[in-house]
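Undergrad: Next one to model:
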Amino acid sequence: MRRIEHWIDGGVFAGGGQRVGPVWDPAAGTQQAEVALGTPAEVAAAVSSAQAAFPGWRATPLSRRAEILFAFRELLHARRDEVAAVVTSEHGKTLPDALGEVSRGLENVEFACGIPQLLKGEFSEQVSNGVDVFSIRQPLGVVAGITPFNFPVMVPLWMLSGAIACGNTFVLKPSEKDPSASLWLAAALGEAGLPPGVLNVVHGDREAVEALIGSPEVAAVSFVGSTPIARSIYETATRAGKRVQALGGAKNHMVVLPDAEIDLAADAAVSAGYGSAGERCMAVSVVVAVGRVADPLVDAIAARLPKLRVGPGTAPDSEMGPLVTAEHRDKVASYLDSGRSAGAELVVDGRSHDLPAGGFYLGPSLFDRVEPTMDVYRDEIFGPVLCVVRVGTYEDALRLVNDNAYGNGTAIFTRDGGAARRFQFDCQVGMVGINVPIPVPVASYSFGGWKDSLFGDTHMYGPDGVRFYTRSKVVTSRWPDPSSSRVDLGFPVTR
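TA: Next comes the predicted model:
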């Protein structure tokens with residue numbers, strides 16, 4: 001059985017830990033590798049390597065950091081098919097989905113290439129007689145990232161691109177479900193010229209996470225995952241004095257007003273609800289149908305689902321791949337029975353879809369007449385299950401969105417500019433799409449939700465990322481007037 005090891009101090013690191021976890025081929029339903037599950041000793045080795053590399057990396061000129069990131073950007077762009085294939089083999093998403101993930105990760109690398117501009121401070125001359133004041137931003141030191149299985153390339157690049165550009169060293173703990181992409185990124189960065197120890201990768205489960213966030217040498221932690229774990233990491237790490245940004249779960253609503261174009265809205269609901277088998281934190285999981293739009297919209301969505309081709313991510317005609325593990329597939333499928341038992345109408349049952357033999361497949365499923373008290377509405381299902389909630393008015397839709405515990409992403413479909421502007425003004429959600437179902441910000445902005453979708457004060461990547469991975473220092477300086485100096489400066493001084 002192939003074994004996937006850690007990456008520490010610039011190369012593959014085979015630690016002494018005996019615990020391993022399975023890495024599956026979701027399309028075939030068979031185990032393809034085992035991954036080493038890091039011990040506290042191996043986490044300590046990764047942190048120690050990052051700590052040793054920090055002084056030299058912090059002293060590295062901004063132009064050299066940018067040069068390395070530019071070289072990495074070129075490698076990632078040229079080999080995007082290669083890393084996308086790695087993602088598909090372990091996660092199961094289709095190759096086009098995986099390529100899209102790589103492209104969104106590339107945006108963050110490109111943003112970080114501008115670090116000489118992004119770290120510019122401010123200067124005020126002569127705030128008092130002979131006194132100037134200026135501000136600078138400096139790196140934190142060793143920082144850590146804990147990333148989820150659903151985007152094994154994009155989310156690590158959200159974090160590490162900005163972190164290392166700002167002069168920090170980084171320890172990445174990727175998901176143990178699909179660990180190989182993180183090693184690919186580490187090797188490519190090394191090839192681009194990143195010094196050993198600036199990026200370390202340690203695999204593992206809860207034991208590794210607890211060792212990492214408990215390390216006194218780790219100054220900051222970035223996390224993306226479920227809300228309970230995000231809350232726990234935030235509380236534990238901040239109690240230890242660390243800076244934390246922890247992105248939690250989501251229940252993203254797509255509001256469809258009566259004036260919306262039905263075909264446009266239905267296509268958006270299908271692509272945003274079932275893309276990547278619904279394993280996206282920005283997936284639409286609730287369609288809020290307002291008034292008379294409900295019947296034609298549900299019919300239009302339901303008519304599209306039998307045509308959705310489910311199969312291996314490597315198959316050219318596949319539009320949706322398998323779920324990541326059998327356990328996750330079975331958990332998602334259990335909501336089809338519980339939702340129906342609670343009174344929701346199961347319009348399309350994904351278990352009846354034309355599915356390949358073997359593999360962790362579940363077809364697209366659609367519930368109608370879902371109520372906010374039902375588990376299928378309240379829980380983050382994280383699979384290809386779309387719920388339709390019917391409401392009478394725009395005010396009812398807005399109330400539903402704002403009353404939800406999550407505030408990650410939302411969208412509104414309408415032809416009315418006034419209604420759209422009112423929605424973006426009133427909704428209590430961090431990211432809003434107007435006729436855009438998955439409003440993930442471009443890299444020059446920042447990603448993050450509100451309420452139970454975010455623990456911390458800053459969003460991920462972009463300008464917020466630069467602020468998170470640096471701290472501000474203000475310098476007040478006074479120099480003697482050269483004209484009054486008693487030292488021979490070697491040249492005449494005049495006022």
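Undergrad: phi, psi of the residue nearest the centre of the chain?
TA: With distances taken as C-alpha atoms, centre = their mean, Val155 lies nearest the centre of the chain, 3.9 Å away. Recorded main-chain torsions at Val155 are phi -70, psi -40, according to degrees, to the nearest 10.
Undergrad: For it, list the residues it contacts.
TA: Listed by C-beta atoms under 8 Å, 6 or more residues apart in numbering, the contact partners of Val155 are 147-148, 224. (Glycine included, C-beta is placed from N, CA and C.)
Undergrad: Could you do Asp25 as well?
TA: For Asp25, the contact set (C-beta under 8 Å, 6+ apart) comprises 31-32, 89-90.
Undergrad: List buried residues within the residues you listed.
TA: The neighbour count (16 or more other C-beta atoms under 10 Å) marks 32, 89-90 as buried among the contacts of Asp25.
Undergrad: Sort out for me which of the residues you listed are in helices.
TA: Among these, the members found in helices (DSSP state H) are 89-90.
Undergrad: Columns distance to Asp25 on top of the buried ones among the contacts of Asp25, output as a markdown table?
TA: What follows is the buried ones among the contacts of Asp25, written out as a markdown table (distance: C-beta to C-beta, whole Å):
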| residue | distance to Asp25 |
| --- | --- |
| Gln32 | 5 |
| Ser89 | 7 |
| Glu90 | 8 |
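Undergrad: Kindly reformat the buried ones among the contacts of Asp25 as a markdown table containing pLDDT and distance to Val20.
TA: Converted to a markdown table, the buried ones among the contacts of Asp25 look like this (pLDDT from 0 to 100; distance: C-beta to C-beta, whole Å):
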| residue | pLDDT | distance to Val20 |
| --- | --- | --- |
| Gln32 | 98 | 13 |
| Ser89 | 98 | 18 |
| Glu90 | 98 | 15 |
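Undergrad: Check the buried ones among the contacts of Asp25 against Glu82 and report the nearest one.
TA: Of all these, Glu82 sits closest to Ser89, with 11.1 Å by C-beta to C-beta.
Undergrad: For that closest one, give me its contacts.
TA: Counted by C-beta under 8 Å, 6+ apart, Ser89 has contacts 25, 32, 180, 314.
Undergrad: Go ahead and confirm the second one touches Arg2.
TA: Which is Gln32. Yes: using C-beta atoms under 8 Å, Gln32 is in contact with Arg2, at 7.1 Å.
Undergrad: Give the buried residues for the helix or strand containing Glu210.
TA: Taking DSSP states H and E as the criterion, Glu210 maps to helix 206-214. Neighbour-count burial for helix 206-214 flags 207-213 (criterion: 16+ other C-beta under 10 Å).
Undergrad: Let me see the ranges of the helices in the stretch 1-150 of the chain.
TA: Assigned helices in the stretch 1-150 of the chain, in chain order: 40-58, 62-78, 80-91, 95-112, 115-118 (criterion: DSSP state H, counting those that start in this stretch).
Undergrad: same question, the stretch 301-450 of the chain
TA: 326-341, 375-378, 394-403, 417-426.
Undergrad: The first one: which residues count as buried?
TA: Of all the residues in helix 326-341, those buried under the rule 16+ other C-beta under 10 Å are 328-329, 332-333, 335-336, 339.
Undergrad: What of the second one?
TA: Residues 376-377 are the ones in helix 375-378 that count as buried (16+ other C-beta under 10 Å).
Undergrad: And it, what does it pack against?
TA: Under the contact definition 3 or more C-beta pairs under 8 Å, 6 or more residues apart in numbering; DSSP states H and E, helix 375-378 sits against helix 326-341, strand 385-391.
Undergrad: can you check the last one too?
TA: Based on contacts counted as 3+ C-beta pairs under 8 Å, 6+ apart, the elements that helix 417-426 packs against are helix 394-403, strand 409-413, strand 431-434.
Undergrad: Please identify the deepest-packed of those.
TA: strand 409-413 (a mean of 30; mean count of other C-beta atoms under 10 Å).
Undergrad: Direction included, what does that one pair against?
TA: Strand 409-413 has its sheet partners listed here by DSSP bridges as strand 252-256 (parallel), strand 431-434 (parallel).
Undergrad: Columns mean pLDDT on top of those strands, output as JSON lines?
TA: Putting the strands paired with strand 409-413 into JSON lines (pLDDT from 0 to 100) gives the following:
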{"stretch": "strand 252-256", "mean pLDDT": "98"}
{"stretch": "strand 431-434", "mean pLDDT": "98"}
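Undergrad: Thanks a lot, catch you later.
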